[in-house]
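Visitor: pasting a predicted model and its sequence here:
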Amino acid sequence: MTLLSANHISFAYRSQHPVFKNISLNINPGEIFTILGPNGVGKSTLLKCLLGLNRPQAGKILINKTSIGQLSRRQIARQVAYVPQNYQINTNLSVMDYLLTARAPFLNILQTPGRSDFQLIITQLQKVGLGSLQDKPLSALSGGQQQLVTIIKALVQEPQLLILDEPMAALDLNRQKEVLTILKSLASSGIAIVLTTHLPDHVFLLNSAVGLFYPNGRLEVGPRDRLMTKEKLSTVYQTSLDLVYLPHLKRYTCQLEI
Ligand SMILES: Nc1ncnc2c1ncn2[C@@H]1O[C@H](COP(=O)(O)OP(=O)(O)OP(=O)(O)O)[C@@H](O)[C@H]1O
């Protein structure tokens, strides 16, 4: 069953100036879908439409067959978690207290988090080697550590669909590897993942389906083998680049032609 579907959606912040028109896509459980495109083309705007934060002027978005407009924020938060692009968190909450806020959609109005909520968070922090940071104020963490914490916040929401906007932009290579591994393992457990990235290699590393956002606002959706070509990527990024096969890693890498 399709978890998320967007049918012919169009969105403009100002009338007569559409960011994109007539975009359709379907995401199934366990699928990874990576959106690539140049700066300012509309990737974050599209994600916000899929989350119900932006309301498209045309088209329909369904989550588990229900129109997103008919779902409350709490109902959406029980199914979908979001890692925003601006991960810098302006709060003096401790890491633990901040992460506990992600359990709110599952608690009644006067209910406080229980043992299982704390344990879930401790387990997730330990998985990425941040167990020792749970009592630190968020403001004392580095940018990369804060980005990891926002990813963990989405995970402790135990979503069916995880939407991430450039989740690895601030991470070192080893931490990128950790996040890629986590995303792959979430997908194999049936969670659907939609992400944006500026690194085309992430598509190959995640074995994901692709959405190519062209500078004219068109989104081409399809399998990696059909969309990840030198010609299409050069058109998307308006620059010369090449795809090089790495036989020992059995995958392609995307390189600028400089
Ligand atoms: N809140 C807003 N109000 C008005 N215009 C906006 C708003 N947010 C984004 N835009 C505009 O919409 C267009 C798409 O922006 P968006 O942030 O979706 O691009 P993006 O593809 O995610 O870019 P980047 O790769 O740089 O993050 C841009 O022209 C941007 O200036």
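Guide: Arrived safely.

Visitor: rest of the way, CA atoms for contacts and neighbours
Guide: Noted.

Visitor: which residue is nearest the centroid of this structure?
Guide: Within the chain, the residue whose C-alpha comes closest to the C-alpha centroid is L164; the distance, by CA atoms, centre = their mean, is 1.6 Å.

Visitor: you'd agree that residue is up against Y82?
Guide: Yes - with the criterion set as CA atoms under 8 Å, L164 and Y82 qualify as a contacting pair; they are 5.8 Å apart.

Visitor: ok so, going back, what's the helix or strand for the residue nearest to the centre of the chain?
Guide: In the assignment (DSSP states H and E), L164 maps to strand 161-165.

Visitor: now the element after that strand, going C-ward?
Guide: Beyond strand 161-165 in the direction of the C-terminus, DSSP H and E gives the next helix or strand as helix 173-188.

Visitor: please name the residues that touch whichever residue of the stretch 151-258 of the chain sits closest to the ligand.
Guide: Of the residues in the stretch 151-258 of the chain, the one nearest the ligand is H198, at a distance of 7.2 Å by CA to the nearest ligand atom. Going by CA atoms under 8 Å, 6 or more residues apart in numbering, H198 touches L36, G37, P38, E166.

Visitor: quick revisit: so does the strand holding L164 get close to the ligand?
Guide: No - using CA under 6 Å from any ligand atom, strand 161-165 stays clear of the ligand, coming no nearer than 7.9 Å.

Visitor: quick one: the strands in this protein?
Guide: Residue ranges of the strands in the chain, as given by DSSP state E, are 4-14, 17-27, 32-36, 58-63, 66-67, 80-83, 161-165, 192-196, 209-213, 219-222, 241-246, 251-256.

Visitor: got the ones you listed as JSON lines, with mean pLDDT columns?
Guide: Below are those laid out as JSON lines (pLDDT from 0 to 100):
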{"stretch": "strand 4-14", "mean pLDDT": "96"}
{"stretch": "strand 17-27", "mean pLDDT": "95"}
{"stretch": "strand 32-36", "mean pLDDT": "98"}
{"stretch": "strand 58-63", "mean pLDDT": "97"}
{"stretch": "strand 66-67", "mean pLDDT": "96"}
{"stretch": "strand 80-83", "mean pLDDT": "94"}
{"stretch": "strand 161-165", "mean pLDDT": "96"}
{"stretch": "strand 192-196", "mean pLDDT": "98"}
{"stretch": "strand 209-213", "mean pLDDT": "98"}
{"stretch": "strand 219-222", "mean pLDDT": "97"}
{"stretch": "strand 241-246", "mean pLDDT": "96"}
{"stretch": "strand 251-256", "mean pLDDT": "96"}
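
Visitor: can I get the ones you listed in JSON lines with distance to Y98?
Guide: Listed next are those as JSON lines, based on distance: least, CA to CA, whole Å:
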{"stretch": "strand 4-14", "distance to Y98": "28"}
{"stretch": "strand 17-27", "distance to Y98": "29"}
{"stretch": "strand 32-36", "distance to Y98": "27"}
{"stretch": "strand 58-63", "distance to Y98": "27"}
{"stretch": "strand 66-67", "distance to Y98": "30"}
{"stretch": "strand 80-83", "distance to Y98": "14"}
{"stretch": "strand 161-165", "distance to Y98": "18"}
{"stretch": "strand 192-196", "distance to Y98": "23"}
{"stretch": "strand 209-213", "distance to Y98": "32"}
{"stretch": "strand 219-222", "distance to Y98": "35"}
{"stretch": "strand 241-246", "distance to Y98": "41"}
{"stretch": "strand 251-256", "distance to Y98": "37"}
